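Visitor: just coords:
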């Protein structure tokens, strides 16, 4: 069903031809068939060309989970343009920087992004295309030229947190997506009539699973509101969801709202979690609420096209593995991928940095300077690759993984990169923003566990005492909301270790004692 030589829009188009009357999307008050969504896509594609004055190279999506968002995504692909998801919740400066780096020509904005659209495109050379009110009625006639997508071209471009304070662009090509989708369609038995949730913002790459596992099979993409994501049981039951996919923290949030009673989701067939560690307690709570659902824990960084490993929990909770850190294993790599654990001395081992290669691995960052040190070369012993990455080079995930009873278990990050609510961030980026304040001499940000399996950020700084509200506002103006520290503490000095470096472990331990 997934042609390995195809493209994301081509797979959607194949489904349109097979099942034009099947329901493609159910979002807010809009329910469209595949035929209707294709017509809307073609008309919006013509609108993008008219707005840009030419066929655009890249299209930004400054939009929430709305019909305009999904039609914009498909319309960009229809034109062979690169999809660049933005986020209305991000500071305008961050969205603008991403537009400049990606060479965005036109920015689609819905009601959530329209207010910021002018500021985002200011000085970038791009134009804004607000889709408000009865926007569908104002679109031009459909774009008629035949679709001529190239499997080797970039399909979408996502930005991850960068240690220099500048987001790193991750270009993913259609051919990177092909094997991933084929794997998921088969593994999760997705067929026409299935109904898949869409809980992820488009700036978070698991959204690619939601959209194109649905649209390449004739399934229906069903989009919850933000409130419905926090009450998944009501959404799953009310919308007859067959496949649920979200970050694990949703389980904890729903549990605190008393929304995960045992047996409350009896019709759910599949439940997949990714983006952060899934604890055994979270998995038990979800499995009890959805007793007839298969529960899986998936893992993968953006650079490896969504996920590269998965672990399926046995139907009997009594048979679940007992891991060293109380998390569900991340399992084994997909059959078409190679994975190895590389120890500090550059050898393959049972505990080390997870490195992966294969068709899902990207070809390198948008800025080649970001490739430095991120790839390894070798088969049994490994060295850092020099120059542009080769096809058989291994991508270094930066994650420490241990093999336990034949399965990979995610232990943590090897650096100061963490995941907050599924978003991957580098703590040094937050520290750089804090240090830019004239009263701050130095700053350290610590990620610490909190009740419910969450991870929260604590910032400590030296220099002059600054009001918490003032420092919080400084960070909020530059960074997304999930990167704003939960607490800010002024200290006279940081403890150091024997090497004279800031003792982050000691700080983390002290914060852990204070938050218990």
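Guide: Great, that's in hand. Not measured: the values here are computed from a predicted model.

Visitor: give the buried residues for the longest helix belonging to the chain.
Guide: Scanning the chain for the helix with the most residues, using DSSP state H, yields helix 34-52. By 16 or more other CB atoms under 10 Å, the buried positions in helix 34-52 come out as 34, 36-49, 51-52. For glycine as for every other residue, the C-beta is placed from the backbone atoms N, C-alpha and C.

Visitor: now do stretch 265-278
Guide: For stretch 265-278, by 16+ other CB under 10 Å, it's 265, 268-278.

Visitor: and if you look at stretch 121-130?
Guide: 121, 124, 126-130.

Visitor: the buried residues of stretch 265-278 in strands, which ones?
Guide: Using DSSP state E, the members of these that fall within strands are 270-273.

Visitor: what is the nearest of those residues to residue 384?
Guide: Of all those, residue 384 sits closest to residue 273, with 32.5 Å by CB to CB.

Visitor: following the longest helix of the chain, which helix or strand shows up next?
Guide: strand 58-62 (DSSP states H and E).

Visitor: so which of the buried residues of stretch 121-130 are in strands?
Guide: Going by DSSP E, the strands hold 127-130 from those.

Visitor: just put those in a markdown table and tack on pLDDT and distance to residue 398.
Guide: Formatted as a markdown table, these follow (pLDDT from 0 to 100; distance: CB to CB, whole Å):
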| residue | pLDDT | distance to residue 398 |
| --- | --- | --- |
| 127 | 98 | 37 |
| 128 | 98 | 36 |
| 129 | 98 | 37 |
| 130 | 98 | 39 |
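
Visitor: dump these to TSV, plus distance to residue 28.
Guide: Formatted as TSV, these follow (distance: CB to CB, whole Å):
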residue	distance to residue 28
127	26
128	22
129	20
130	17
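
Visitor: and which of these is nearest residue 427?
Guide: The closest of those, once distances to residue 427 are taken by CB to CB, is residue 128, at 33.1 Å.

Visitor: just to check, that closest one is in contact with residue 109?
Guide: Yes - under the criterion of CB atoms under 8 Å, residue 128 makes contact with residue 109 at 5.8 Å.

Visitor: quickly list what's touching both of the two.
Guide: 62, 117 (CB atoms under 8 Å, 6 or more residues apart in numbering).

Visitor: what's the longest helix of the chain in contact with?
Guide: 12-13, 15-16, 19-25, 32, 55-56, 59, 67, 70-72, 74-76, 78-79, 81, 105-106, 108, 127, 129, 131, 136, 139-144, 215, 218.

Visitor: buried stuff in stretch 448-466?
Guide: Result for stretch 448-466 [16+ other CB under 10 Å]: buried residues 448, 453-461, 463, 466.

Visitor: in CSV: these, plus pLDDT and secondary structure.
Guide: Converted to CSV, those look like this (pLDDT from 0 to 100; DSSP: H, G, I helix; E, B strand; the rest coil):
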residue, pLDDT, secondary structure
448, 86, strand
453, 72, helix
454, 80, strand
455, 85, strand
456, 89, strand
457, 94, strand
458, 95, strand
459, 95, strand
460, 95, strand
461, 94, strand
463, 90, strand
466, 94, coil
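
Visitor: nearest to residue 254 among those?
Guide: residue 453 (12.0 Å).

Visitor: distance of the closest one relative to residue 9?
Guide: Separation of residue 453 from residue 9 (CB to CB, to the nearest Å): 38 Å.

Visitor: any idea which residue is closest to the centre of the chain?
Guide: Per CA atoms, centre = their mean, the C-alpha nearest to the average position across the chain is that of residue 204, at 2.3 Å.

Visitor: which ones are touching it?
Guide: By CB under 8 Å, 6+ apart, the neighbours of residue 204 are 275, 422-423.

Visitor: which residue ranges of the stretch 1-150 of the chain form strands?
Guide: Along the stretch 1-150 of the chain, counting by DSSP state E, counting those that start in this stretch, strands occupy 23-27, 30-33, 58-62, 82-85, 106-109, 127-130.

Visitor: tell me which of these sits nearest to residue 387.
Guide: strand 82-85 (24.6 Å).

Visitor: which residues touch that closest one?
Guide: 57-61, 73, 76-77, 98-99, 102, 104, 153-158, 171, 201-203, 207.
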